[in-house]
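Asks: Predicted model and sequence below, questions to follow.
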Amino acid sequence: MVRIQEIPLNQIKRPLPRTNDPQKVQALMESIGAIGQQEPIDVLEVDGLYYGFSGCHRYEACQRLGKETILARVRKAPRSVLKMHLA
């Protein structure tokens, strides 16, 4: 089951390093600042912990805007699914 909710940015672990396009982050900051976040990021919830593997530009844009939370599409998953994402 998938649900959409606001999650504190500091509760989302981002285990895979990403290099973001600064221009895309800036454009998202302007858009989110003007009209709010329109598209949730995708997050896995495993054993009560949140892991983000996509939406890295939106995540950084919200961070840089000083937002405390981010809109996320949350999917509960077992540890085996998390391991597949980390492989």
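Replies: Nice, I can see it.
Asks: only C-alpha atoms for contact and neighbour calcs from this point on.
Replies: OK.
Asks: What is the top helix by length along the chain packed up against?
Replies: The residue-count maximum for a helix in the chain (DSSP state H) belongs to helix 22-35. On a contact count with 3 or more CA pairs under 8 Å, 6 or more residues apart in numbering; DSSP states H and E, helix 22-35 meets helix 56-64.
Asks: Please work out which residues outside the helix it packs on touch it.
Replies: Here helix 56-64 makes contact (CA atoms under 8 Å, 6 or more residues apart in numbering) with 9, 18, 20-21, 24-26, 28-29, 32, 41, 69-70.
Asks: Check those and tell me the two furthest apart.
Replies: Greatest spatial distance among the contacts of helix 56-64 (CA to CA): D21 and T69, at 21.6 Å.
Asks: So between those two, which is more surrounded?
Replies: Taking neighbours as other CA atoms under 10 Å, D21 and T69 compare with T69 leading, 17 against 10.
Asks: Nothing else from me, thank you.
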